[in-house]
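Asker: build me a model from this:
(chains A and B)
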Amino acid sequence: MTDGLGNAGDLLARLAANLASGGVEIVDLTHTLTPEFPVIVLPAEFGQCQPFRMEEVSRYDARGPGWYWNTITVSEHAGTHFDAPAHWISGRNLPNATVDALDPQTLVAPAVVLDFSAESAADEDFLLTRAHVEAWEAEHGAIPPRSWVLLRTDWSRHVGTPRYLNLREDGAHSPGPDADAVRFLVEERNILGFGTETVGTDAGQGGHLDPPYPAHFILHGAGRCGLQCLANLDRLPPRGALVFAAPLKIRHGSGSPLRGLALVPGGS
Amino acid sequence: MSEPLRPPPRKDPQAPTRPPQLPPQERSRAALGLVGAAARGVFALQRCGNCGTVAYPPRDACAACLSVDLAVEPVPDAGEAIAETTIRTTTDLYFRERAPWRVGLVRLDCGPSVVTHLHRDVAVPGRVRMVLKLDRSGNAVMMALPTTWSAPMADDPELRELTASPKFRRVLVTDARTPTGQAVVEALVKAEASLVFAGIAEPFKPFAGREKLEATERVQIVPLDLTDTSSVESLAGEIGGKTDIIVNTADHVRPGGLIDGPGVATARVSFELNVFGLQRLASSFGPAMRGRGADGTNSAAAFVDVLPVHALANWPGFGVHSATAAARLSMLQCLRAELRPGGVRVLSVFTGPVEDDWRQSVPPPKVAPRQIASAVVRALQEGIEESFVGDVAADVAARFAEDAKTLERELGS
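Answerer: Alright, predicted model coming up:
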């Protein structure tokens, strides 16, 4: 089979060879799932996000002499995870909007990385605007359609500290996009989805924007997906990474913890 | 006069820990009939329904009239100590380790003369106040106390065996994020606990009262999330060998029942904390506590659980919460039997609805955190196995004792 880029079989063979040689590297975009990993906090009268929990079933002992295994319980939206369109009310009537129905073609896609780590360090409530995205494009070129847009904030470095959720009496404080930026990415760049290092695709104070939680509302309303709690975005190039982000195939699932991986040119 | 108890020295790492022994365990069914009163701190004995004679030791028929109508009921607790002796040696392992041990003969105003444990400050002959307490085997025994009381009298070694005083002991309060947990911490410090570990889950979430906790002497904030097995195991790994008392103040409260409620996902969270949290505490801290029941002045002494009185009968407005409490109560009964070989007590502090955010719509009377804190300290200081805090708790307990079915119907109105 061939396309404009040459023989696909040869391409995969060359990819395998490059993976073996280090010409292509694999970057793990995933945080370790631990009970301590924070989950999003909603007003207390609402149902809450269940953090990761693990109970040992046996460990080469009387409960199972030859084997070690655990029972885990976890929200679909804990740890490094995937948001399907059905996660949000705006996506509730879309076809194929749950994780089990997603086209596998969407699970492997190119990614661009918008580095706004300096801005986020300076302003914990930093909002990515359309102007920011356009400025990025002026430097790096247009965002290709059907790609992941990953917002680098270096927020993952706060994992394990109170600053990660950055909760105060008026809620969480962490960076995220505003509505115009998301609308631009969806409507004018036709992206596959948006990914962040923070606990949600929206800013900590995103509930006070219009519409509330614009990333969730606009992305999912348009059938696009979200990635959250990503790690190692600082190891990805601005363009050229290929992201493997496959949620568990949960019937009617709204999302799923995942092991996200990115292929990047070696030495990048 | 009593000499005040001294703070225990640090543990000698070369000396093996004394394995716990128990006082004589076998009792007749009639004698076990005193357990309920002792558990609730009530001085009660058998009284004959036919002739009114008070009987002791408990028996199957009245010694005066042979009636079998003998019911345990509260009786006057005054008496006269008429004789005493001090046991200096015995073949019984429990008392042998604790000799000398003072015992006496007391003629009760209500009739019988009884052989009893004797507080060191009781003058013989002289007037005494009798108490019925559970010994480390969980059996009801009597002790004669002086009629006037001063604080150092609580240090009597025999009385300390019959109670679980926090004085000079190290206490873990499992949830110090709430006003109740913080009031309990404060009360324990005041009751001379040598160290109070204040458990905080999800420390990245701010909470009111943190600064005060941090500033309080003899309080140490520790990370503890009862819904997370690894968190409980980690803390037990650090402090399990020096935790003498646990006070479990954790309680996940949400209104609602099975049909009119927030559903299984939220009910699970309640069960994870209220029920399995208790199990995690027991399985992680229990073994070391059970092994340290005779470890000197600061031996492991008690596991206290603060739980809703609706453990006894479901209150449908908080139906799932009541169900977790019922499961919790059952687990405590199991734990009591499992910790008994170590002489470690399990004390239940039942509360009525607490004055907190989740019960804003519940009409008074509600229980204030400081009432719970006082009850916890009193339960420890007096060895009370079942206490009921607040009017609602006392009322529910009384109606439960009368007829559990009727209580269910009343609460379901």
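Asker: from here on, contacts and neighbour counts on C-alpha atoms
Answerer: Fine.
Asker: secondary structure class of B:Leu45, three-state.
Answerer: What DSSP: H, G, I helix; E, B strand; the rest coil gives for B:Leu45 is strand.
Asker: is it true that it touches B:Leu34?
Answerer: Yes. Between B:Leu45 and B:Leu34 there is a contact at 6.8 Å, judged by Cα atoms under 8 Å.
Asker: mutual contacts of these two, please.
Answerer: Any residue near both B:Leu45 and B:Leu34 by Cα atoms under 8 Å, 6 or more residues apart in numbering or on different chains counts here, and that gives B:Val72.
Asker: shouldn't B:Val106 be within a strand?
Answerer: Yes. B:Val106 forms part of a strand when assessed by three-state DSSP.
Asker: secondary structure element for the residue in chain A positioned nearest to chain B?
Answerer: Proximity of chain A to chain B (Cα to the nearest Cα) peaks at A:Pro162, 4.3 Å away. In the assignment (DSSP states H and E), A:Pro162 maps to no helix and no strand.
Asker: repeat for A:Leu150
Answerer: For A:Leu150, the enclosing helix or strand under DSSP H and E is strand A:148-152.
Asker: helices of the stretch 101-250 of chain B, residue ranges please.
Answerer: B:157-161, B:179-190, B:210-215, B:229-239 (DSSP state H, counting those that start in this stretch).
Asker: is the third one positioned near chain A?
Answerer: No. With Cα under 8 Å from any Cα of the partner chain as the measure, helix B:210-215 is seen stopping short of chain A, the closest distance being 13.8 Å.
Asker: quick one: mean pLDDT over that helix.
Answerer: In this model, helix B:210-215 carries a mean pLDDT of 97.
Asker: do the shortest one as well
Answerer: For helix B:157-161, mean pLDDT rounds to 97.
Asker: how about stretch A:79-87?
Answerer: 98.
Asker: any idea how far apart the tips of it sit?
Answerer: Terminal residues of stretch A:79-87 lie 16 Å apart, using Cα to Cα, to the nearest Å.
Asker: ok, residues contacting that stretch?
Answerer: Against stretch A:79-87 from outside (Cα under 8 Å, 6+ apart): A:30-33, A:37-39, A:52, A:77, A:91-94, A:97-99, A:219-230, A:245-247, A:253-260.
Asker: got the contact list for B:Gln360?
Answerer: Counting by Cα under 8 Å, 6+ apart, B:Gln360 has no contacts.
Asker: now it, what are its backbone angles?
Answerer: Dihedral pair for B:Gln360: phi -60, psi -30, per degrees, to the nearest 10.
Asker: how near is it to chain A?
Answerer: 13 Å (Cα to the nearest Cα, to the nearest Å).
Asker: do the same with B:Val377
Answerer: Applying Cα to the nearest Cα to B:Val377 and chain A gives a distance of 31 Å.
Asker: also B:Val367?
Answerer: For B:Val367 relative to chain A (Cα to the nearest Cα), the value is 22 Å.
Asker: report the contact partners of the residue of chain A closest to chain B.
Answerer: Residues in contact with A:Pro162 (Cα under 8 Å, 6+ apart) are B:Pro203, B:Phe204, B:Lys205.
Asker: just give me the neighbour total for the first one.
Answerer: If I follow you right, that is B:Pro203. 17 (other Cα atoms under 10 Å in any protein chain shown).
Asker: output stretch B:208-221 in CSV with nothing but the alpha carbons.
Answerer: The C-alpha atoms that make up stretch B:208-221 are tabulated as CSV, following Å, rounded to 0.1, in the frame of the first residue of the first chain:
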residue,chain,number,x,y,z
ALA,B,208,-9.9,25.9,58.9
GLY,B,209,-8.0,25.3,62.1
ARG,B,210,-4.8,24.2,60.7
GLU,B,211,-2.7,27.0,62.2
LYS,B,212,-4.1,26.3,65.7
LEU,B,213,-3.4,22.6,65.4
GLU,B,214,0.2,23.3,64.2
ALA,B,215,0.7,25.7,67.1
THR,B,216,-0.6,23.3,69.8
GLU,B,217,2.1,21.7,72.0
ARG,B,218,2.1,17.9,71.9
VAL,B,219,0.2,17.8,68.6
GLN,B,220,1.7,16.4,65.5
ILE,B,221,-0.1,16.5,62.1
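Asker: and for that stretch, what's in contact with it?
Answerer: Outside stretch B:208-221, the residues that reach it (Cα under 8 Å, 6+ apart) are B:Arg177, B:Gln182, B:Val185, B:Val189, B:Ser194, B:Leu195, B:Val196, B:Phe197, B:Ala198, B:Gly199, B:Ile200.
Asker: ok, now with 10 Å
Answerer: B:170-173, B:176-179, B:182, B:185-186, B:188-189, B:192-200, B:203 (Cα atoms under 10 Å, 6 or more residues apart in numbering or on different chains).
Asker: ok, and of those residues, which contact chain A?
Answerer: B:Pro203 (Cα under 10 Å from any Cα of the partner chain).
Asker: restricted to strands, list the contacts of stretch B:208-221.
Answerer: B:Arg170, B:Val171, B:Leu172, B:Val173, B:Leu195, B:Val196, B:Phe197, B:Ala198, B:Gly199, B:Ile200 (DSSP state E).
Asker: burial count for the second one?
Answerer: Read it as B:Val171. Counted with other Cα under 10 Å, B:Val171 comes out at 28.
Asker: tell me the centre residue of the chain?
Answerer: Assuming you mean chain A. In chain A, the C-alpha nearest the mean C-alpha coordinate belongs to A:Leu227, at 1.7 Å (Cα atoms, centre = their mean).
Asker: wrong one, I was asking about chain B
Answerer: Nearest residue to the geometric centre of chain B (Cα atoms, centre = their mean): B:Leu347, 2.6 Å.
Asker: just to be sure, it is in a strand?
Answerer: Yes. Residue state for B:Leu347 (three-state DSSP) corresponds to a strand.
Asker: residues in contact with residue 146?
Answerer: Answering for chain A, as no chain was given. For A:Arg146, the contact set (Cα under 10 Å, 6+ apart) comprises A:Thr106, A:Ala109, A:Pro110, A:Ala111, A:Val186, A:Arg189, A:Asn190, A:Ile191, A:Leu192, A:Gly193, A:Arg224.
Asker: chain B is the one I meant
Answerer: B:Pro146 neighbours (Cα under 10 Å, 6+ apart): B:81, B:118-123, B:126-130, B:153.
Asker: my guess is A:Asp170 contacts A:Gly207. True?
Answerer: No. Contact criterion Cα atoms under 10 Å: A:Asp170 and A:Gly207 do not qualify, at 11.1 Å.
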